[in-house]
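>>> my questions are about this predicted structure, shown below with the sequence.
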Amino acid sequence: MKKRILITGGNGQLGNCLKKIAPDYELNYDFRFTDSSDLDITDEAAVFDFFEEYKPHYCINAAAYTAVDFAEKEEEMAFSVNADAVAFLAEASKKFKTTFIHVSTDYVFDGETEISYSEDDFTQPSGVYGASKLKGENLAIELNPESIIVRTSWLYSEFNKNFVKTMLNLFSQKEELSVVADQFGQPTNANDLAEALMKIIANENKTYGIFHFSNYPETTWYEFASKIAEFSKSKVKINPISTDQFPTAAKRPRRSTMDLSKIEEKYNVEIKHWEQSLEECIGILNNSK
Ligand SMILES: NC(=O)C1=CN([C@@H]2O[C@H](COP(=O)(O)OP(=O)(O)OC[C@H]3O[C@@H](n4cnc5c(N)ncnc54)[C@H](O)[C@@H]3O)[C@@H](O)[C@H]2O)C=CC1
């Protein structure tokens, strides 16, 4: 019998990457991709009805309110999607014996450290988005201890809006641009995250709790942008600037580098170098032109 996987936020960046690889797994799994038009996760009754009807073995929550700066003004909406709705999914997962796989963020940390964050390090979000995601994590674990939470960072892919696509767009319009060089983190190709989530699902001997997944090692937005330029053969000139020179509504962590050893050990997932994963993404984007 095929195991049933419900994916929420199926039209998002991660959702699209999961859709892309789903055919590789269709021998063993049945996938049901949903998004707010057919399963609004903030609608508690709709969530429970969906679980009742589909009875998923796994639920991957790829739905989220991800507008980090807007969240500062839309606190209620951010908490509704990133916390309240996560509670509905966690509760429904518990009721229907579904393994709940929830995706979270490095923004649960304040970034004021020189050491890579491990999963049980002190969390202290500096903005509304991070606070709403942290509340979602806590609710998931409280309501369904058999939840698997995967924190990721600096997500990009060939789909939807993201830093890589924004840069490529700017490169085609400008000869020169400035990018922040004093914030450190780990880019993540969402296709690699999608494969990691399927590896977790395939593992018969599940470990629950929080895991960190990204590409490695750490870099800065400036170095990331410079590699995007190099791999896309752009002649654009990129100037390094400081965070103070690029104010945003929500404060970003200065250094949110995550330790990846737990997911590597427990789930044997491959952690790829970010430059390799970036080159693959740019290759895909070039071929689709
Ligand atoms: N984008 C990034 O740089 C990072 C993202 N993350 C996390 O990774 C996960 C995936 O992010 P992305 O794919 O980039 O997000 P995205 O913004 O591309 O996709 C989110 C999806 O959720 C859907 N959605 C929003 N509200 C909904 C609702 N009420 N009911 C059902 N669906 C709803 C949207 O329609 C969209 O399709 C999220 O949990 C996010 O918080 C973590 C770190 C970095």
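Thanks, I have it.
>>> the closest residue to the ligand within the stretch 1-150 of the chain - how many residues pack around it?
Sorted by distance to the ligand under CB to the nearest ligand atom, the residues of the stretch 1-150 of the chain start with residue 12, at 2.0 Å. Heads up, the C-betas are built off the backbone N, CA and C, glycines and all. Residues within reach of residue 12, counting by other CB atoms under 10 Å, total 22.
>>> would you mind measuring from it to residue 81?
11 Å (CB to CB, to the nearest Å).
>>> pull up the overlap in contacts between those two.
Shared contacts of residue 12 and residue 81 (CB atoms under 8 Å, 6 or more residues apart in numbering): 63, 64.
>>> circling back to that earlier point, give me phi/psi at the closest residue to the residue of the stretch 1-150 of the chain closest to the ligand other than its chain neighbours?
Closest residue in space to residue 12, ignoring its immediate chain neighbours: residue 62 at 5.6 Å, by CB to CB, 6 or more residues apart in numbering. Recorded main-chain torsions at residue 62 are phi -100, psi 10, according to degrees, to the nearest 10.
>>> same deal with residue 60?
Phi and psi for residue 60, reported as degrees, to the nearest 10, are phi -100, psi 120.
>>> now the top helix by length along the chain: mean pLDDT?
The helix spanning the most residues in the chain, taking DSSP state H as the definition, is helix 128-143. Here helix 128-143 scores 98 as its mean pLDDT.
>>> which parts of it are buried?
Neighbour-count burial for helix 128-143, counted by 16 or more other CB atoms under 10 Å, picks out 128-141, 143.
>>> near the ligand, from those residues?
residue 133 (CB under 6 Å from any ligand atom).
>>> tell me the one among the buried residues of helix 128-143 nearest to residue 108.
Sorting the buried residues of helix 128-143 by distance to residue 108 puts residue 134 at the head of the list, at 4.4 Å, by CB to CB.
>>> is it true that the closest one touches residue 110?
No: in this structure, residue 134 sits apart from residue 110 without contact. The criterion is CB atoms under 8 Å, and the distance is 11.1 Å.
>>> intersection of neighbour lists for those two?
Residues touching both residue 134 and residue 110 (CB under 8 Å, 6+ apart) are residue 125.
>>> output the set of residues of the stretch 1-150 of the chain in proximity to the ligand.
By CB under 6 Å from any ligand atom, the part of the stretch 1-150 of the chain that sits against the ligand consists of 8-9, 11-15, 35-36, 39-42, 62-66, 81, 85, 103, 105, 133.
>>> got a quick ChimeraX command for the buried subset of those residues?
ChimeraX command restricting those to the buried ones, with burial defined by 16+ other CB under 10 Å:
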select :8,9,11,12,13,14,15,35,36,39,40,41,62,63,64,65,66,81,85,103,105,133
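>>> tell me which of the residues of the stretch 1-150 of the chain next to the ligand fall in helices.
Among these, the members falling in helices (DSSP H) are 13, 14, 15, 85, 133.
>>> the third one: what's it in contact with?
To tie it back to what came earlier, the one meant is residue 15. 7, 8, 9, 33, 35, 62, 63.
>>> hey, what's the second one bridged with?
As for beta bridges, residue 8 partners with residue 61 under DSSP bridges.
>>> looks like it contacts residue 34 (just checking).
Yes: under the contact definition of CB under 8 Å, residue 8 touches residue 34, with a separation of 5.6 Å.
>>> which outside residues touch stretch 244-254?
Contact partners of stretch 244-254, identified using CB under 8 Å, 6+ apart, comprise 68-73, 106-107, 109-112, 126-129, 178, 180, 182-185, 243.
>>> list only buried entries from these.
Buried members of those, counted by 16+ other CB under 10 Å: 68, 71-72, 106-107, 109-111, 126-129, 180, 182-185.
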